[in-house]
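Engineer: below is the sequence, then the predicted model.
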Amino acid sequence: MDRRIQKTRSAIQQAYLALLMEKKSMKMTVTELARRANIDRKTFYLHYDTTDDVMRDYNKQLIRRLLDLLDKQDFFNQNFNTVSLYSALNQIISENLDFFKHIASVDYYDSFWEQSKEALTAGICSMYREKVLVQEDVMHLYSRFVLAGTLEIYREWLKGNLPFSMEELGRFTSEVAFRGFSPALKSGKELQEE
């Protein structure tokens, strides 16, 4: 992408995020967004059709960043390493904590979470397509199942409804996603024997 286009899109996104956090509401006009980005409305419309498109584009960037982090950790060339997955997810959330807390608490942004599930599912299935022995539709089902639960648990944590640190949350979510309920269902006697 041309540097000027990148610079303008970045200015629009930064303005969008600043207004989002200041206003604490989802109502934002193109005029106030363009003014904050120091561009005119015409320039805005060269890059986006609506203010919601800015959010979708930002979401795609976050997903790409997460997938890049996983790729750098060689995640896609090994067995499903849950430590890497949740470490990368925690890093993305930590870098953008105020943003994630805000959109977790506003129902208007439900579409953000749904788009995240779809994009991550597609990304993981694409990266693993040649590396696993399960059918593509089965891989899609597994990925979507794990991601739906993971994103919902993180969303509850971001709302302040879960009393864990982010690291604990990643560890618990990883355990449930990949070991199921069996560790939680062990009897006291079994736990004492370990």
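Structural biologist: Sure thing, it's come through. Numbers count the residues shown, from 1 in each chain.
Engineer: OK, contacts around the spatially most central residue of the chain?
Structural biologist: Centroid check for the chain by Cα atoms, centre = their mean gives S116 as the closest residue, at 5.4 Å. Contact analysis of S116 by Cβ atoms under 8 Å, 6 or more residues apart in numbering lists 59, 62-63, 147, 151. Using the backbone N, CA and C atoms, a C-beta is placed for each residue, glycine as well.
Engineer: one more pass at 7 Å, please.
Structural biologist: Listed by Cβ atoms under 7 Å, 6 or more residues apart in numbering, the contact set of S116 reads 59, 63, 151.
Engineer: what does S182 give?
Structural biologist: Per Cβ under 7 Å, 6+ apart, neighbours of S182: none.
Engineer: hang on, the earlier thing: what about the residue nearest to the centre of the chain, is that helix, strand or coil?
Structural biologist: The local conformation at S116, judged by DSSP: H, G, I helix; E, B strand; the rest coil, is helix.
Engineer: my guess is S105 contacts G160, does it?
Structural biologist: No. Between S105 and G160 there is no contact under Cβ atoms under 7 Å: 8.4 Å.
Engineer: neighbour-wise, which of those two wins?
Structural biologist: Between S105 and G160, counted using other Cβ atoms under 10 Å, S105 has the larger neighbour count: 14 against 10.
Engineer: what bits of the protein have low per-residue confidence?
Structural biologist: Within the chain, the segments meeting pLDDT under 70 span 1, 24-26, 80, 132, 183-184, 186-194.
Engineer: state the number of residues packed around Y45.
Structural biologist: Y45, neighbours per other Cβ under 10 Å, totals 12.
Engineer: ok, then the element right after the helix or strand containing it?
Structural biologist: Following DSSP states H and E, the helix or strand that holds Y45 is helix 41-47. Where DSSP H and E defines the elements, the next helix or strand beyond helix 41-47 is helix 51-72.
Engineer: how distant is that following helix from the center of its chain?
Structural biologist: 8 Å (Cα atoms, centre = their mean, to the nearest Å).
Engineer: and which of the contacts of S116 is nearest to L89?
Structural biologist: The closest of these to L89 turns out to be L151 (Cβ to Cβ; 9.1 Å).
Engineer: check which residues of the one helix or strand T173 maps to are buried.
Structural biologist: Take DSSP H and E as the rule and T173 turns out to sit in helix 166-179. Judged by neighbour count (16 or more other Cβ atoms under 10 Å), helix 166-179 contains these buried residues: 166, 169-170, 172-177.
Engineer: so what are the domain limits for the chain?
Structural biologist: As assigned by automatic domain parsing, the chain contains the domains 1-49, 50-183.
Engineer: do I have it right that I12 meets D53?
Structural biologist: No. Applying Cβ under 7 Å, one finds I12 not in contact with D53, separated by 9.7 Å.
Engineer: neighbour-wise, which of these two wins?
Structural biologist: Remark: of I12 and D53, I12 carries more neighbours, 26 against 14, as counted by other Cβ under 10 Å.
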